[in-house]
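Q: turn this into a model:
(2 chains)
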Amino acid sequence: RKEVEQDPGPFNVPEGATVAFNCTYSNSASQSFFWYRQDCRKEPKLLMSVYSSGNEDGRFTAQLNRASQYISLLIRDSKLSDSATYLCVVIVGSQGNLIFGKGTKLSVKP
Amino acid sequence: DGGITQSPKYLFRKEGQNVTLSCEQNLNHDAMYWYRQDPGQGLRLIYYSQIVNDFQKGDIAEGYSVSREKKESFPLTVTSAQKNPTAFYLCASMRGVNTEAFFGQGTRLTVV
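A: Below is the predicted model:
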């Protein structure tokens, strides 16, 4: 089983749609969780951290389920500018090593 | 403004050449990382450094070397031993364990 798994997509959705991504991780000792956004041929940029209590930032909501070892990202009212690849990132170990999923590609259409 | 700067943005290497990719940060972060990204692949860890004058191999260190003589700088050398170096190279830094990583803009290396 891969350490961090994501559905690669692509997810093709119309503007205004709600879309959800899931990510599963294999190491139960994983400590911190993040969602990053990566535009084509650019560096990843932090979208949001993921907390056990769940957290929301505008149209974006992230959830963590430690028991089932998955995290999720919900995007409401999708915009054209949301089109990107979304990377799930997990921190494992005392040295803080980041483990990246391969990313889920989102394409929002007019 | 604080951040991470990678240079050059594009780099072309001839077969058998060593090339060095620069990564500089002014965020006062202790930890720095080098990743490689291939099309359709996730980021794979090449080397990382938690402190000056110390660094550790990542998952794909063969054919690469690094140094960490200053806190701000973590250059990566792609040696001729790396048989398939064409990729997008990303440098990152972190303030501490369990904090988010900040990335440079990346260097796109092509073998010609």
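Q: for the nearest residue to A:Ala17 once chain neighbours are set aside, give its distance to chain B.
A: Closest residue to A:Ala17 apart from its sequence neighbours, by CB to CB, 6 or more residues apart in numbering or on different chains: A:Ser78 at 4.9 Å. C-betas here are computed from N, CA, C, even on glycine. A:Ser78 sits 23 Å away from chain B, taking CB to the nearest CB, to the nearest Å as the criterion.
Q: other residues contacting the lengthiest strand in chain A?
A: Secondary structure of chain A per DSSP state E: the longest strand is strand A:84-92. Contact with strand A:84-92 is made by A:3-4, A:6, A:21, A:23, A:25, A:27, A:29-40, A:44, A:47, A:71, A:73, A:97-101, A:103-106, B:42-43, B:97-98, B:101, as judged by CB atoms under 8 Å, 6 or more residues apart in numbering or on different chains.
Q: with adjacent residues omitted, what lies nearest to B:Tyr64?
A: B:Ile46 (5.2 Å).
Q: could you give me the buried positions within whichever strand or helix holds the one you found?
A: For B:Ile46, the enclosing helix or strand under DSSP states H and E is strand B:43-51. Within strand B:43-51, the residues that qualify as buried are B:43, B:45-50, counting by 16 or more other CB atoms under 10 Å in any protein chain shown.
Q: can you tell me the element the nearest residue to A:Val89 once chain neighbours are set aside falls in?
A: Leaving aside its sequence neighbours, A:Val89 sits nearest to A:Phe34 (CB to CB, 6+ apart; 4.4 Å). Secondary structure assignment for A:Phe34, by DSSP H and E: strand A:32-38.
Q: and that strand with strand A:84-92, angle?
A: Put simply, strand A:32-38 runs at 160 degrees to strand A:84-92, going by axes from the mean of the first three to the mean of the last three CA atoms, to 10 degrees.
Q: A:Asn22 contacts A:Val4, doesn't it?
A: No - counting by CB atoms under 8 Å, A:Asn22 does not reach A:Val4; the two are 11.4 Å apart.
Q: tell me which of these two has more neighbours.
A: Using other CB atoms under 10 Å in any protein chain shown, the more surrounded residue of A:Asn22 and A:Val4 is A:Val4, with 23 against 15.
Q: which phi and psi values does that one adopt?
A: Reported as degrees, to the nearest 10, the phi and psi values for A:Val4 are phi -130, psi 120.
Q: beta-bridge partners for it, please?
A: Residues in a beta bridge with A:Val4, per DSSP bridges, are A:Tyr25.
Q: ok, now which ones touch residue 75?
A: No chain was given, so I picked chain A. A:18-20, A:59-60, A:82, A:106.
Q: wrong one, chain B
A: B:Pro75 neighbours (CB under 8 Å, 6+ apart): B:20-23, B:66-67.
Q: just the buried ones from these?
A: B:21, B:23, B:66.
Q: let me know the closest of the buried residues of strand B:43-51 to chain A.
A: B:Leu43 (4.3 Å; CB to the nearest CB).
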